[in-house]
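>>> Generate a structure from the sequence data that follows.
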Amino acid sequence: MNYEELLNTTTLNDQRPEEALTLLGTLIDLAHERRDEKGATHAIKLAEEFPLETWSSRDRAILKYFLSNAWSDVRNIQSPRSWEWTTNRSSDHCSCFGKRETNRSSTNCYQIDGARSLRISATA
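Next comes the predicted model:
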């Protein structure tokens, strides 16, 4: 689905959790790239209707991660700060959720289903 189709989506409850998370994560990331509060708040609204009692703990954790991104975007759009988060979607910098991989710059990166990645320095 493209961004406009996702904005016009009224429910994701007819999807399996993995599919719903993929679509929700895509909507949140596209809204972030566009600095579009409407997309972020629409994603939050869609997520409020998920039947979480039937979801695995893994899927609920991923949902909370995605929603934290959406709420952060809403807050930052409403009250901009002097700094911006940057994203890195390069596949050589990220690995699958739950795995860790060290790249050439000694940085570890965790990626959750194509969403914004978490970069963690390997040096402590």
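>>> For D73, grab the count of nearby residues.
Neighbourhood size, D73 [other Cβ atoms under 10 Å]: 25. For the C-beta atoms, the positions are set from N, CA and C on the backbone; glycine is no exception.
>>> ranges for the helices of this structure?
3-7, 17-34, 37-48, 57-78 (DSSP state H).
>>> ok, now which ones touch Q15?
L23 (Cβ atoms under 8 Å, 6 or more residues apart in numbering).
>>> Phi and psi next, for it.
Dihedral pair for Q15: phi -100, psi 150, per degrees, to the nearest 10.
>>> okay, now the domains of the protein?
3-78, 91-121 (automatic domain parsing).
>>> how about these in CSV, adding mean pLDDT?
Formatted as CSV, the domains of the chain follow (pLDDT from 0 to 100):
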stretch, mean pLDDT
domain 3-78, 95
domain 91-121, 42
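>>> Send over stretch 17-27 as CSV, restricted to the C-alpha atoms.
Output in CSV follows, covering the C-alpha atoms of stretch 17-27 (Å, rounded to 0.1, in the frame of the first residue of the first chain):
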residue,chain,number,x,y,z
PRO,A,17,-0.6,-9.4,13.6
GLU,A,18,2.5,-9.7,11.4
GLU,A,19,0.8,-8.1,8.4
ALA,A,20,-0.9,-5.4,10.6
LEU,A,21,2.5,-4.5,12.1
THR,A,22,4.1,-4.3,8.7
LEU,A,23,1.4,-1.9,7.4
LEU,A,24,1.4,0.1,10.6
GLY,A,25,5.2,0.4,10.7
THR,A,26,5.1,1.5,7.0
LEU,A,27,2.5,4.2,7.8
